[in-house]
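Participant: okay, here's the prediction I keep looking at, along with the sequence it came from:
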Amino acid sequence: MRFTELPRPSRVVFGPGRFAEVGDEVARLDRHRVVVVTTPGRKALGERAADALGDRCAAIHAEAVEHVPGEVADAGVARARELGADGCVAVGGGSAVGLGKAIARDTGVPLVAVPTTYSGSEMTPVWGRTEAGVKTTGRDERVRPAVVVYDPELTTSLPVATSVTSAVNALAHAVEALWAPDATPVTRLEAAESARAIIDALPRVAAAPEDLDARADLLYGAWLAGAGLAVTTMGLHHRLAHVLGGGLDLPHAGTHTVLLPHVMAYTLPAAPEASAALARAFGGDPVEVLSDLLATLGAPITLGGLGADASQFDTLAERAVTPPPTHPRVPTADEVHALFDAAL
Ligand code: NAD
């Protein structure tokens, strides 16, 4: 056995009702002029965060959009500078956290994340930015949230359809962590437990979206998925999701949902340990169990259904293998094209 275990220094606060502690967390960090960022749709939640922060809140900036477009990131950074912000609280899904990360990276202020989806971004030092349809991602310790507050009560309003695609986004992190070249004994345990929790909780959430226990279990699975994503190398699945999502402006979580069974079917024969771990976690053949679940839940299962323009597949398949992803089975551009066609 040979491995390198990386630290994950974020403080994680988990439990129903703990959103109320966001002010205490900001006080612990000794921050006095915090900018709250969120998406326009979560503005009311941003206001609740501002109330909890009291006079430590400088302003609410509810301008986040998906995939962190460059101009949206730059405007957020400019606003934080104008305000003289000394901290940032991001409340909402991965889009809100993504804008918070842009602010943290460019201004150096600490980030507190209050995720309301299962995207997992809050646990990672990974930032993203989209310029002219090309999404760039990178790692930078400045964007890793100092504190993450997980409150399942904030997730009961997440519509079932979004819950499903977001949970599969999380599942994709766990699956890739299992076959990552730098997986460790700890990340394998986390990823397998994450996959188990997500597959167990997702149908319960879909059946009863306000069931707090089911929501807590799903958020727990998403936390573990994000924790693994933070310290392992992303493979083909994330490469394809980013290339398609950025290149065709497709919804991030929906793209993950459509691609995951295809990438698993392509990869698992070359990744026997991951395959066995997933079979145990899912209680059956991993691709079959996932595909059946997605069909039962009415999840998006085709790229065509997401509005993908197949005339771009040549360019995007080239982009997806340049440079080749770190993956148990490295595809050619033609193989990626075939995978896109199968998913279309
Ligand atoms: P999102 O943040 O856009 O949220 C999806 C939708 O759900 C939005 O309309 C939002 O307003 C709504 N919503 C969020 N929480 C809600 C709630 N509790 N109740 C009702 N509605 C709610 O999407 P997402 O899938 O969470 O995140 C996608 C973004 O995150 C992408 O830009 C992706 O690239 C990024 N991401 C980054 C990382 C990373 O490590 N850097 C990891 C995963 C995702």
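Facilitator: Happy to help now that I have it. Numbering: from 1, shown residues only.

Participant: name the residues of stretch 284-296 that are buried.
Facilitator: Neighbour-count burial for stretch 284-296 flags P286, V287, V289, L290, S291, L293, L294 (criterion: 16 or more other C-beta atoms under 10 Å). Bear in mind the C-beta positions are built from the backbone N, C-alpha and C, glycine included.

Participant: correct me, but the third one touches F282?
Facilitator: Yes - using C-beta atoms under 8 Å, V289 makes contact with F282 at a distance of 4.1 Å.

Participant: and the gap between D314 and T267?
Facilitator: 22 Å (C-beta to C-beta, to the nearest Å).

Participant: E210 too?
Facilitator: Plainly put, E210 is 36 Å away from T267 if you go by C-beta to C-beta.

Participant: same question for A317.
Facilitator: When C-beta to C-beta is the yardstick, A317 and T267 sit 17 Å from each other.

Participant: quick one: list the elements packing against the helix or strand hosting A230.
Facilitator: Counting by DSSP states H and E, the element that carries A230 is helix 212-231. Using 3 or more C-beta pairs under 8 Å, 6 or more residues apart in numbering; DSSP states H and E as the contact criterion, the neighbours of helix 212-231 among helices and strands are strand 11-14, strand 147-150, helix 160-179, helix 185-207.

Participant: how about the last one: buried residues?
Facilitator: For helix 185-207, the buried set under the neighbour-count rule, 16+ other C-beta under 10 Å, comprises 187-188, 190-202, 205-206.

Participant: likewise for the first one?
Facilitator: Along strand 11-14, these residues count as buried under the neighbour rule (16+ other C-beta under 10 Å): V13.

Participant: secondary structure class of the residue located most distally from the centre of the chain, three-state.
Facilitator: Centroid-distance maximum for the chain: D55 at 30.8 Å, with C-alpha atoms, centre = their mean. Going by DSSP: H, G, I helix; E, B strand; the rest coil, the secondary structure assigned to D55 is helix.

Participant: sorry, back to before: mean pLDDT added to the helices and strands packed on helix 212-231, as JSON lines?
Facilitator: Shown next, in JSON lines, are these (pLDDT from 0 to 100):
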{"stretch": "strand 11-14", "mean pLDDT": "98"}
{"stretch": "strand 147-150", "mean pLDDT": "98"}
{"stretch": "helix 160-179", "mean pLDDT": "98"}
{"stretch": "helix 185-207", "mean pLDDT": "98"}
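
Participant: and of those, who's closest to the ligand?
Facilitator: With C-beta to the nearest ligand atom as the measure, helix 160-179 is the member of the helices and strands packed on helix 212-231 nearest the ligand (4.8 Å).

Participant: tell me what angle the closest one forms with helix 212-231.
Facilitator: Helix 160-179 runs at 40 degrees relative to helix 212-231, counting by axes from the mean of the first three to the mean of the last three C-alpha atoms, to 10 degrees.

Participant: what about helix 160-179, distance to the chain center?
Facilitator: Taking C-alpha atoms, centre = their mean, to the nearest Å, the mean C-alpha location of helix 160-179 is offset from the chain mean by 8 Å.

Participant: picking up where we left off before, who's more crowded, E210 and T267?
Facilitator: Between E210 and T267, counted using other C-beta atoms under 10 Å, T267 has the larger neighbour count: 21 against 10.

Participant: and the more buried one, what does it touch?
Facilitator: With contacts defined as C-beta atoms under 8 Å, 6 or more residues apart in numbering, the neighbours of T267 are W179, G235, L236, H237, A274, H327, P328, R329.

Participant: output the contacting helices and strands for the helix or strand containing A78.
Facilitator: Remark: A78 resides in helix 70-83, with elements defined by DSSP H and E. Packing partners of helix 70-83 (3+ C-beta pairs under 8 Å, 6+ apart): strand 34-37, strand 57-61, helix 94-107, strand 126-131.

Participant: distance of the closest residue to A20 other than its chain neighbours from the ligand?
Facilitator: Spatial nearest neighbour of A20, chain neighbours left out: A52 (6.3 Å); criterion: C-beta to C-beta, 6 or more residues apart in numbering. Here the criterion is C-beta to the nearest ligand atom, to the nearest Å. By it, A52 lies 16 Å from the ligand.

Participant: which residues touch A52?
Facilitator: Contacts for A52 were tallied using C-beta under 8 Å, 6+ apart; they are F19, A20, V22, G23.

Participant: quick check: buried residues in the host helix or strand of it?
Facilitator: In this structure, A52 is located in helix 43-53 according to DSSP H and E. When burial is assessed from 16+ other C-beta under 10 Å, helix 43-53 yields the following buried residues: K43, L45, G46, E47, R48, A49, A50, A52, L53.

Participant: for the closest residue to A102 other than its chain neighbours, what are its contacts?
Facilitator: Counting by C-beta to C-beta, 6+ apart, A73 is the residue found nearest to A102 once chain neighbours are left out, at 3.7 Å. Contact analysis of A73 by C-beta under 8 Å, 6+ apart lists L99, A102, D106, R129.
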